[in-house]
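[1] Give the three-dimensional model of this entry:
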Amino acid sequence: MAPSGVTNASLAGVCAAFAGICAKFALSPENPQVLVRFLDSYIPPSYNSWIIRGFFAVATLTFNSLMLTLTAKALQLCPTTVQES
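    Numbers count the residues shown, from 1 in each chain. Coordinates of the predicted model:
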């Protein structure tokens, strides 16, 4: 069973939320440092906040790409744009 337009639109909203969270970690200088301290036992000491910020920047671009793709598919599957939004 193929996903409907409303399902794709809902998933696009979830991707938008995750993209916003990832962008906050990528652009804020304080948040990666807090994450490094929180995950101190799991992250090797050679990793610094630039690597973590780069990871979140790539994740932001990925979630934004998924969001645009899902929105385009939702617009194709829904008979009206009101139903999609």
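[2] pLDDT on whichever strand or helix holds Lys24, on average?
    Lys24 belongs to helix 5-27 when assigned by DSSP states H and E. For helix 5-27, mean pLDDT rounds to 90.
[3] elements contacting it?
    For helix 5-27, the elements it packs on are helix 30-38, helix 49-77, helix 81-84, judged by 3 or more CB pairs under 8 Å, 6 or more residues apart in numbering; DSSP states H and E. No exception for glycine: its C-beta is placed from N, CA and C like everyone else's.
[4] for these, which one ends up most surrounded?
    helix 49-77 (a mean of 16; mean count of other CB atoms under 10 Å).
[5] what's the angle from that one to helix 5-27?
    If you take axes from the mean of the first three to the mean of the last three CA atoms, to 10 degrees, helix 49-77 sits at 160 degrees to helix 5-27.
[6] next one: helix 49-77 to chain centre, how far?
    5 Å (CA atoms, centre = their mean, to the nearest Å).
[7] Could you do stretch 62-79 as well?
    In terms of CA atoms, centre = their mean, the centre of stretch 62-79 is set 14 Å apart from its chain centre.
[8] Just put the helices and strands packed on helix 5-27 in CSV and tack on distance to Gly5.
    What follows is those, written out as CSV (distance: least, CB to CB, whole Å):
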stretch, distance to Gly5
helix 30-38, 35
helix 49-77, 3
helix 81-84, 6
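[9] I'd guessed Ala23 sits against Phe56; true?
    Yes: Ala23 is in contact with Phe56 according to CB atoms under 8 Å; the separation is 7.4 Å.
[10] dump the residue contacts of Leu66.
    Leu66 sits next to 12, 15 when contact means CB atoms under 8 Å, 6 or more residues apart in numbering.
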